[in-house]
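> build me a model:
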Amino acid sequence: MMHKDEYNMIDAGDVENDTWLRLRKVLRNHHFQVNGKPFTVPFSTRMWNAGLIGISHQHVPLVDDTIQLIDELYSKDELLLMEQFSFSYMLQNNLEIIAAEEYVEHYWYNKSLMDHHLNLFFKQNENDSIPVLAQKASELTQRIHKLDPPKEKPISDKIVDRLKLVVKAAVKGHL
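From the prediction side, this is the model:
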């Protein structure tokens, strides 16, 4: 079980950023080995959100395999998502991953919404005691699906951001 199936290494949609391109480069340019077995990682590999990982006790050896893959990936590039990718790869290639998104609310999935409202929350309640903050924070989490989203970037800004990424990738040869 993992939180949510997010994207693959062929097309990451809005997540196509420098980190995603660097991971693709590592996967494209290197072979890996876990338990003496060499392999390459296909771009069809799915990236799952690792905010929640659950496996049965009989599959615990996969954690050791995942750690080996993490070490190999980090030796190529020290990206923060190497653990997430390693769990995604190892679990989907050895088990059926079940999404937990309908049961668990993950902060990262609604990061812009939560960042926006947590910033407001702490500004509005900066003088409250810890017990009062805890109560108010609990009440906030109960309203998460009713909160107004932050204003979205204008489409022109999104296009400029995407063009900058394309130029950067083309100059560095990451495509």
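
> show me the shaky parts of this structure.
107-109, 174-175 (pLDDT under 70).

> let's go with 90 and repeat that
Within the chain, the stretches with pLDDT under 90 are 11-18, 51-52, 101-120, 134, 137-175.

> mind checking the longest helix of it?
helix 155-172 (DSSP state H).

> A strand includes residue 10, no?
No - counting by DSSP: H, G, I helix; E, B strand; the rest coil, residue 10 is not part of a strand but coil.

> which helix or strand contains the residue nearest the centre of the chain?
Taking C-alpha atoms, centre = their mean, the centroid of the chain lies closest to residue 49, which sits 4.8 Å from it. Residue 49 belongs to strand 46-53 when elements are defined using DSSP states H and E.

> need the next SSE after that strand, C-terminal direction.
Strand 46-53 is succeeded, C-terminally, by helix 61-76 (DSSP H and E).

> okay, now the domains of this protein?
2-92, 107-172 (automatic domain parsing).

> for those, which one sits closest to residue 99?
domain 2-92 (5.6 Å; C-beta to C-beta). In this view, the C-beta of every residue, glycine as well, is placed from N, C-alpha and C.

> residue 74 versus the spatially closest residue to residue 91 that is not a sequence neighbour, what's the distance?
Spatially, and ignoring its direct neighbours in sequence, residue 91 is nearest to residue 97 (5.3 Å; C-beta to C-beta, 6 or more residues apart in numbering). Distance, residue 97 to residue 74, by C-beta to C-beta, to the nearest Å: 23 Å.

> re the thing from before, wait, doesn't the residue nearest to the centre of the chain sit right on residue 83?
No - with contacts counted by C-beta atoms under 8 Å, residue 49 stays clear of residue 83, the gap being 12.0 Å.

> state whether residue 7 is indeed within a helix.
No - membership of residue 7 in a helix is not supported by three-state DSSP, which gives strand.

> pull the contacting residues for it.
13, 15, 46, 47 (C-beta atoms under 8 Å, 6 or more residues apart in numbering).

> possible to save these as TSV with distance to residue 56 and neighbour count?
Converted to TSV, these look like this (distance: C-beta to C-beta, whole Å; neighbours: other C-beta atoms under 10 Å):
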residue	distance to residue 56	neighbour count
13	32	9
15	30	12
46	20	16
47	22	23
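
> closest one of the residues you listed to residue 137?
residue 15 (28.2 Å).

> list the contacts for the closest one?
Neighbours of residue 15 in contact, by C-beta under 8 Å, 6+ apart: 6, 7.

> look up how far residue 89 lies from it.
17 Å.

> just to revisit the earlier point, which one of the domains of the chain lies closest to residue 101?
Residue 101 lies closest to domain 2-92 among these, at 4.3 Å (C-beta to C-beta).
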